[in-house]
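A.B. asks: One predicted model, sequence on top.
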Amino acid sequence: MAQSDLTLEWSNEQEAAEITPGLIEKLTELLRLAGEAEGVTEGEVALTFVDDEAIHELNLQYRGIDKPTDVLSFAMSEFGEDEIEIHYEAEGDEEPEEGDEDVSEAFIEPLGDIIISVPRAMAQAEEYGHSVDRELGFLFVHGFLHLIGYDHETEEEEKVMFAKQEEILQKAGLTR
């Protein structure tokens, strides 16, 4: 099995619920499992926990939808034919000296940002009759799959995406 260099960076900008170390450990596990399932072995995901007001503002600004939502994903790279591939290099062409960290190894490619409304997740967990941690995990995996190119515009796409989400959640022990 290949070593995973997927990393999770997170921030909390809401006060509806405490973000516990256990939750972050579970989300990190979900990131690893989702990466393994999809063959994504490296990259960084930036996760931000927000309130309904903040996600409402983002939803309006970026999607033109004037209401809050549960999760938003902003991929750093679109998977289209016309995209320009960007290569990162250190200044100058000299070889790194012994003990210098290779710049290409130090740079972690950002996969994108996931924004989750904690109050919305809490309400949905109650509505669906499962834990808040499961709902946050579901929304996180959903957001990750969007970052790597999945969508659910059609019924078939939705079936595929939701089956993948459920499989990853089951592996992590986040059952309904």
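C.D. replies: Arrived safely, thanks for sending.
A.B. asks: Report the contact partners of the most centrally placed residue in the chain.
C.D. replies: Centroid check for the chain by Cα atoms, centre = their mean gives F144 as the closest residue, at 3.7 Å. Neighbour list for F144: 30-31, 34, 45, 73, 111, 114 [criterion: Cβ atoms under 8 Å, 6 or more residues apart in numbering]. In this view, the C-beta of every residue, glycine as well, is placed from N, C-alpha and C.
A.B. asks: Kindly provide the distance from it to E157.
C.D. replies: The gap separating F144 from E157 is 16 Å, by Cβ to Cβ, to the nearest Å.
A.B. asks: quick revisit: any chance of the contacts of F144 in TSV with neighbour count and secondary structure as columns?
C.D. replies: Formatted as TSV, the contacts of F144 follow (neighbours: other Cβ atoms under 10 Å; DSSP: H, G, I helix; E, B strand; the rest coil):
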residue	neighbour count	secondary structure
L30	23	helix
L31	25	helix
A34	26	helix
V45	27	strand
S73	21	strand
L111	24	strand
I114	27	strand
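A.B. asks: Would you format these as CSV with distance to R63 and pLDDT included?
C.D. replies: What follows is those, written out as CSV (distance: Cβ to Cβ, whole Å; pLDDT from 0 to 100):
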residue, distance to R63, pLDDT
L30, 24, 98
L31, 24, 98
A34, 23, 97
V45, 20, 97
S73, 11, 97
L111, 20, 96
I114, 15, 98
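A.B. asks: give me every residue that touches the residue nearest to H56 when sequence neighbours are not counted.
C.D. replies: Among residues not flanking H56 along the chain, P68 sits closest, at 4.0 Å (Cβ to Cβ, 6 or more residues apart in numbering). By Cβ under 8 Å, 6+ apart, the contact list for P68 reads 52-53, 55-56, 59, 117, 120.
A.B. asks: What ranges does the chain have for its helices?
C.D. replies: 21-38, 52-63, 103-106, 118-128, 132-147, 155-171 (DSSP state H).
A.B. asks: Just name the shakiest helix or strand of the chain by mean pLDDT.
C.D. replies: The weakest-scoring helix or strand in the chain, judged by mean pLDDT, DSSP states H and E, is helix 103-106 (a mean of 50).
A.B. asks: just to revisit the earlier point, phi, psi for the residue nearest to H56 please.
C.D. replies: The phi/psi pair for P68 (degrees, to the nearest 10) reads phi -70, psi 160.
A.B. asks: quick one on the thing from earlier: so which of the helices of the chain gets nearest E13?
C.D. replies: Closest of these to E13 is helix 52-63, at 6.4 Å (criterion: Cβ to Cβ).
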